[in-house]
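J.: Fold the following for me, if possible:
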Amino acid sequence: MDRIATDAEDTPRYWHYRVWRLAGPVIAANISVPLLGAVDTAVVGRLPGPEYVGAVAVAALIFSLAYHGCNFLRMGTTGLTAQSFGAGDGSAVRAWLARAVILGGSIGLLFVLLQWPIYELARLVVAPSAAVDHLARAYFEIRIWGAPAALANFALLGWFFGVQNAKAALVVQLFMNGVNLVLAIWFVWGLDLGVPGVAWATLIAEVSSIFLGLWLAQGTLRRMGGQFARNTLFDRTPFLRMLSINGDIFVRSMCLQAALITLTAVGSRMGDTVLAANALMLHFQTMMSGALDAFANAAEALVGAAIGAGSRRQFDHAVRISTIWAVGFAIVIATLYAVFGGAIIDILTTVEEVRAVAHMHLVWVAILPLVSVWSFQLDGVFIGCTWSRQMRNSMALALFGYLVILSIAYPLFGNHGIWAAFTAFMLLRGARMMWYFQRLKRSVGTAAG
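T.: Modelled structure (predicted):
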């Protein structure tokens, strides 16, 4: 197991290295996810009519709700594993892996069994046109069968972050996204399968990647030591702790997805063109979060290890250095979006009316990185500390503010009002978490190591 830094290594330069050792691979892995979604959009964006892009947007939104609502499988696993890793408890690290993978696979199986009500409820909320609904349903009914593998993979990736093995997480993500990319192009353009071809590509990629991830985990476990104790996997105290933390993160994630669903649903009522344009703009937000989340992931692992070791000094280093890099990247991303955002939109779709609407709202894409970075980074700190209740409360308050602002801004400013409300949502989220952070950081240990 990697050791905690000694006093001789406890310098800013060393902590910059530690942050980048984790963040570098995660940037590549995280960016590959939205880039893949962008490729999926580009593949169907060259089919005639906006309903193809809209169908992928609606179906992907359903999985975003179902899967990202279960993001606690990654987040909670990272925080709990990182603290055991920092404490040098190899057996506990093994137990968190087993608990999380079993829980993820079980939830995924439940999604398969409940696929009909899941889709019907989502359809009622988003209210797509008949053309979009037909294609989105076909996509959903194929991809849902990969849910057990997809959610078990969430847990596995969280465990890799917790043991600071970002390279393994990178390999799994690049493998999954590479398979998805190649098959999507082949199935849609080569075999002319249309939207269902994109779904089949994603299903195959999700199922195959979990086997690779479990194989890579074996090597990490051998190096780490410790033992699997089957009779302790579901011990009451750690299991209830996992469920409590996961429950808080679930509520937090559902609030976030509620904001995204509301954005898409309100936009869809303005027509398929606005729906498709907003879907393109959300790709920018997703790509940005893929880069900035890398530093949040580094904070999760390093802060969690510092908590496990009881070291306030390591906690301060982890928070400060990872945040410096996150803010710097947010400034760079905002600049790139302002300069090249229009060209990216034109690459993603050839439908002129969709391009025109997206160009009109590009300013929000450039503003959001500067606003979002604070809540992203504090998410990482709170996960590492397992301050899940405060994460939940901050997100719930921000969602309430978002809905109030949206109810005022949308009737006055249309789609600009939708994006102004979403920007305010991110701002409120970060401000509340900062308030909690100032109160909670005093509780972190003061050990010298």
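J.: Report the contact partners of I245.
T.: Applying C-beta atoms under 8 Å, 6 or more residues apart in numbering, we find I245 in contact with 72, 76, 79-80, 386, 388. From N, CA and C alone the C-beta is placed, and that goes for glycine too.
J.: Just to be sure, which of those residues are found in helices?
T.: Counted as lying in helices by DSSP state H, out of those, are 72, 76, 79-80, 388.
J.: mind putting those residues in TSV, distance to I408, neighbour count and pLDDT included?
T.: Output for these, formatted as TSV (distance: C-beta to C-beta, whole Å; neighbours: other C-beta atoms under 10 Å; pLDDT from 0 to 100):
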residue	distance to I408	neighbour count	pLDDT
F72	32	31	85
G76	36	30	86
G79	37	31	89
L80	41	28	90
S388	31	23	91
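J.: Closest one to A265 out of the contacts of I245, please.
T.: Closest approach to A265 among the contacts of I245 (C-beta to C-beta): F72, at 23.9 Å.
J.: how many neighbours does the nearest residue to the closest one once chain neighbours are set aside have?
T.: Leaving aside its sequence neighbours, F72 sits nearest to I249 (C-beta to C-beta, 6 or more residues apart in numbering; 3.5 Å). Applying other C-beta atoms under 10 Å, we find 28 residues neighbouring I249.
J.: Output stretch 403-411 in PDB, but only the C-alpha positions, please.
T.: The C-alpha trace of stretch 403-411 is given here as PDB (Å, rounded to 0.1, in the frame of the first residue of the first chain):
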ATOM      1  CA  LEU A 403     -36.800  26.500  -9.300                       C
ATOM      2  CA  VAL A 404     -37.800  29.900  -7.800                       C
ATOM      3  CA  ILE A 405     -35.500  31.800 -10.200                       C
ATOM      4  CA  LEU A 406     -36.600  29.600 -13.200                       C
ATOM      5  CA  SER A 407     -40.200  30.400 -12.500                       C
ATOM      6  CA  ILE A 408     -39.400  34.100 -12.800                       C
ATOM      7  CA  ALA A 409     -36.700  34.100 -15.500                       C
ATOM      8  CA  TYR A 410     -38.300  31.700 -18.000                       C
ATOM      9  CA  PRO A 411     -41.500  33.600 -18.700                       C
END
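J.: So for that stretch, mean pLDDT?
T.: In this model, stretch 403-411 has a mean pLDDT of 95.
J.: Summarise which helices and strands the helix or strand harbouring A421 is packed against.
T.: If you go by DSSP states H and E, A421 is part of helix 415-440. Helices and strands touching helix 415-440, as assessed by 3 or more C-beta pairs under 8 Å, 6 or more residues apart in numbering; DSSP states H and E, comprise helix 236-268, helix 272-309, helix 362-385, helix 388-413.
J.: Next, the angle from the second one to helix 415-440.
T.: For helix 272-309 and helix 415-440, the angle between their directions (axes from the mean of the first three to the mean of the last three C-alpha atoms, to 10 degrees) works out to 10 degrees.
J.: tell me the angle helix 272-309 makes with helix 362-385.
T.: Counting by the same axes, to 10 degrees, helix 272-309 lies at 30 degrees to helix 362-385.
J.: Only the buried residues of the next helix or strand after helix 272-309, if you could.
T.: Sequence order places helix 312-348 as the next helix or strand after helix 272-309, per DSSP H and E. Neighbour-count burial for helix 312-348 flags 312-315, 317-319, 321-323, 325-327, 329-330, 333-334, 337, 341, 344-345, 348 (criterion: 16 or more other C-beta atoms under 10 Å).
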